[in-house]
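1. give the three-dimensional model of this entry:
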Amino acid sequence: MKKVRASAWVVMGVMAIALTAAMLSLGMGHWKSRLLPLILSCFILVLGIIELRAGIFEGAAVTKGGKTSEEKESRRILRGYLITGAWVGGFLLVIFLLGFLIAIPLLTLSYMKSHGSTWWGAIVLSIVVLGFMYLISEPLAGIELYRGLIPPYLGELIY
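-> Residues are numbered from 1 along each chain as shown. Now for the predicted structure:
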């Protein structure tokens with residue numbers, strides 16, 4: 001019997017939360033209310049299934065230093081989760097301060113550049129992602145995206 005990696009439990013926990021969010025969103029009154037949580041929950045579930053399929057069962061081999069490769073892999077994965085958590089936390093902070101219309105392209109651009117993308121590719125993808133999110137939120141669903149804490153204040157100072 002093969003051992004389940006610790007990271008697989010994290011993925012299964014996230015999938016359980018996403019499944020709960022999907023089920024709760026189905027009970028929301030208006031279709032506009034349930035659209036975004038349902039889309040995001042289903043997307044997270046699909047990614048979780050892919051992740052679990054790719055590596056839920058991996059054996060541990062002992063290395064020369066006495067530590068298992070599983071322990072080293074767990075530390076590497078934990079570091080990855082911390083970095084991802086910092087990206088998500090930063091994204092939430094920028095959304096709170098500057099709003100979605102600034103946070104989405106800013107996060108996309110910075111993430112793409114930090115992972116080796118060209119400026120041209122990062123800028124194009126930032127515009128495409130912002131356009132997609134704006135289109136499905138405001139014109140199609142009629143949900144106004146949060147504008148942030150700072151931009152409305154700056155608008156009052158300018159005018």
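
2. list phi and psi for the residue positioned nearest the centre of the chain.
-> The chain has V88 as the residue nearest its centroid, 6.6 Å off, counting by C-alpha atoms, centre = their mean. In terms of degrees, to the nearest 10, the main-chain angles of V88 are phi -70, psi -50.

3. how about the helices in the protein?
-> 6-26, 31-55, 69-98, 100-114, 119-137, 150-158 (DSSP state H).

4. quick check: which of these is nearest to I143?
-> Among those, helix 119-137 comes nearest to I143, with 5.0 Å by C-beta to C-beta. Heads up, the C-betas are built off the backbone N, CA and C, glycines and all.

5. can you pull the contacts of E51?
-> Contact partners of E51, counting by C-beta atoms under 8 Å, 6 or more residues apart in numbering, are V11.

6. where's it relative to G89, distance?
-> Between E51 and G89 the computed distance is 21 Å (C-beta to C-beta, to the nearest Å).

7. with I39 instead?
-> Using C-beta to C-beta, I39 is found at 22 Å from G89.

8. same check on E71?
-> Distance, E71 to G89, using C-beta to C-beta: 27 Å.

9. for the spatially closest residue to L45 that is not a sequence neighbour, what are its contacts?
-> Distances taken as C-beta to C-beta, 6 or more residues apart in numbering place A18 nearest to L45, at 5.1 Å, with adjacent residues excluded. A18 makes contact with L40, S41, C42, I44, L45, G48, according to C-beta under 8 Å, 6+ apart.

10. ok, now L97?
-> L97 neighbours (C-beta under 8 Å, 6+ apart): G148, L149, I150.

11. and the residue nearest to G99 when sequence neighbours are not counted, what is it in contact with?
-> Computed as C-beta to C-beta, 6+ apart, the closest residue to G99 that is not its neighbour in sequence is G148, at 2.9 Å. G148 is in contact with I95, F96, L97, L98, G99, F100, I102, A103, counting by C-beta under 8 Å, 6+ apart.

12. thought the fifth one was touching L154?
-> This means G99. No. Assessed by C-beta atoms under 8 Å, G99 is found out of contact with L154, at 11.2 Å.

13. winner for burial among the helices of the chain?
-> Neighbour counts (mean count of other C-beta atoms under 10 Å) averaged over each of the helices of the chain peak at helix 100-114, with a mean of 18.

14. list the contacts of it.
-> By C-beta under 8 Å, 6+ apart, helix 100-114 touches 87, 90-91, 94-95, 98, 119, 121-123, 125-127, 129-130, 133-134, 137, 145-148, 151.
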